[in-house]
Every structure is written in structure tokens, then in C-alpha cells.
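Q: Let me see the structure of the following:
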Amino acid sequence: MSGHSKWSTIKHKKAKEDAKRGKVFTKLIRELTVAAKEGGGDPAGNAKLRLIIDKAKEVNMPQDNIIRAIKKGTGELEGASYEPATYEGYGPHGVAVIVETLSDNKKRTVSDLRHLFSKLGGTLAESGAVSWMFEHKGVLKVTADNFTEDDILEKMLDYDIDDVSIDDGIISISCDAADLDKIKKGAQSAELKVEDASIEWIPKNTVELEDKEKEESVYRFLETINDLDDVQNIYANLV
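A: Okay, the predicted model is just below:
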């Protein structure tokens with residue numbers, strides 16, 4: 001993948017660890033609520049909701065939790081109203097960063113982000129400052145199982161995919177965001193083990209920090225921002 005980012009793989013593995021501690025439930029509940037609010041509570045007619053329900057099931061979220069979150073989104077149950085927002089900026093050493101949030105209090109979210117960015121050597125920027133360096137794409141993560149990139153391309157020959165990369169045992173397949181649900185079903189039909197399907201910000205080009213300490217400082221920054229309750233996802237152009 002032309003814009004493959006090592007942080008993407010780290011984030012994926014960290015999410016699996018968080019899932020074991022149940023920490024990921026809070027973020028998924030917010031995603032379910034907002035997806036149901038935006039596109040309705042019927043998964044058959046709401047591809048985004050369908051993808052998130054699959055994620056929730058993969059981390060063993062109880063069905064009752066899923067149903068309650070959806071009903072809060074459709075207004076059948078009372079609950080906090082979460083609004084999506086995207087923030088842009090620079091992490092340590094000029095690494096471009098995009099942060100996606102779901103929050104019931106945007107002032108608190110912005111305040112928390114600005115504080116952490118400043119404290120950890122970054123800067124929040126205006127909308128559009130770094131998003132031009134990224135593309136909004138569907139990304140499917142599949143267990144490698146000794147497959148090569150050519151093996152995956154052959155299995156997915158009938159589907160319109162953009163690129164394939166393999167890093168640390170994880171295959172990333174990128175596609176048009178609107179095709180993600182269809183590509184996921186195609187991968188499953190091809191008997192590929194799908195670990196995740198998400199719409200992500202993929203860097204068009206990546207930067208590399210040869211100094212190990214600088215690289216580690218960026219990863220610490222990204223992990224700290226990612227751990228904020230209101231933050232759903234964080235993307236960077238670090239290779």
C-alpha cells in the first residue's frame with residue numbers, strides 16, 4: 001500500500017489488547033449509537049451499522065449492549081447525544097495527524113486535545129491543514145496465513161480493490177470507502193479471515209524518522225491521544 005503506516009498496524013494490535021480488557025466497548029457503543037442515528041437502526045439497510053455490529057460481535061460485546069446502543073441512536077431509549085468531529089494537527093517532529101472523535105461535549109473534547117497536543121510536543125491546526133495529505137478509504141485487515149500479496153490479489157480478482165500490503169502478519173486491503181461492505185463479503189467468500197473492516201484516513205505519502213527516540217516519542221503521543229475517551233480513531237503519516 002503506497003501510504004501504509006506502521007502506526008496502523010500498532011493501533012490494530014492495541015485495539016485487540018484493549019478489547020480483552022473491555023475498554024473498546026465504550027467506543028463501539030458510541031459508534032453504534034451514531035451510526036443508528038445517521039442511517040437508521042436496521043442493519044440490512046445501513047451498511048455502516050452492519051460493519052460496526054460485526055466489530056462488536058468480534059470482541060464479544062453482549063447482544064443486549066448492542067441493541068441498547070442502537071435504540072439510543074434511533075431515539076427509542078434515552079441517552080447521551082454524541083456528535084462526530086474530525087481534528088487535524090501535527091504531532092512531535094512534524095508528523096501529520098488526523099483525530100476522529102465522538103463526543104457529547106465538544107468544548108471539553110477540544111480542550112483535552114489542545115492540552116495533550118501542547119503537552120506532548122504537537123500542535124492542533126485548522127481544518128484542512130493536513131487532510132489533503134490523506135485519502136479516505138475503506139481498509140480491510142486480514143490474517144496473512146502465509147499468503148503473499150499476489151495470492152490476495154488473485155483471490156480478490158473480481159473485486160475493485162486499490163492496493164494490498166502485508167506487515168507483521170496482517171494483510172491490509174484498501175478500497176473505495178463505499179465498497180467496503182461488499183469487499184468484506186468478498187473476502188469472506190474467498191475464505192479469508194477478516195479481522196477488521198473500517199473506513200480510515202490513509203496517508204498518500206509517509207515520513208520516516210530514523211532517530212529511534214524521535215519515533216518512540218511520536219508513538220507515545222499517538223497512543224496517549226488515542227486513549228482519550230472521546231477519541232475514536234487517530235491516524236498519522238509516520239511510516
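
Q: Could you tell me the end-to-end distance of stretch 175-193?
A: Using Cα to Cα, to the nearest Å, one end of stretch 175-193 lies 17 Å from the other.

Q: Same question for stretch 122-129.
A: Stretch 122-129 has an end-to-end distance of 14 Å (criterion: Cα to Cα).

Q: Could you pull out the buried residues of stretch 130-144?
A: For stretch 130-144, burial by neighbour count (16 or more other Cβ atoms under 10 Å) applies to 130-131, 133-135, 137-142, 144. For glycine as for every other residue, the C-beta is placed from the backbone atoms N, C-alpha and C.

Q: same thing with stretch 67-79?
A: Within stretch 67-79, the residues that count as buried by 16+ other Cβ under 10 Å are 68-73.

Q: and it, C-alpha only, in PDB?
A: The C-alpha trace of stretch 67-79 is given here as PDB (Å, rounded to 0.1, in the frame of the first residue of the first chain):
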ATOM      1  CA  ILE A  67     -29.400  -3.400  20.900                       C
ATOM      2  CA  ARG A  68     -29.500  -0.700  23.600                       C
ATOM      3  CA  ALA A  69     -26.900   1.300  21.800                       C
ATOM      4  CA  ILE A  70     -28.900   1.100  18.600                       C
ATOM      5  CA  LYS A  71     -32.100   2.100  20.300                       C
ATOM      6  CA  LYS A  72     -30.400   5.100  21.900                       C
ATOM      7  CA  GLY A  73     -29.400   6.200  18.400                       C
ATOM      8  CA  THR A  74     -32.900   5.800  16.900                       C
ATOM      9  CA  GLY A  75     -34.400   7.600  19.900                       C
ATOM     10  CA  GLU A  76     -36.300   4.500  21.300                       C
ATOM     11  CA  LEU A  77     -34.200   4.800  24.500                       C
ATOM     12  CA  GLU A  78     -32.900   8.000  26.200                       C
ATOM     13  CA  GLY A  79     -29.100   8.500  26.200                       C
END
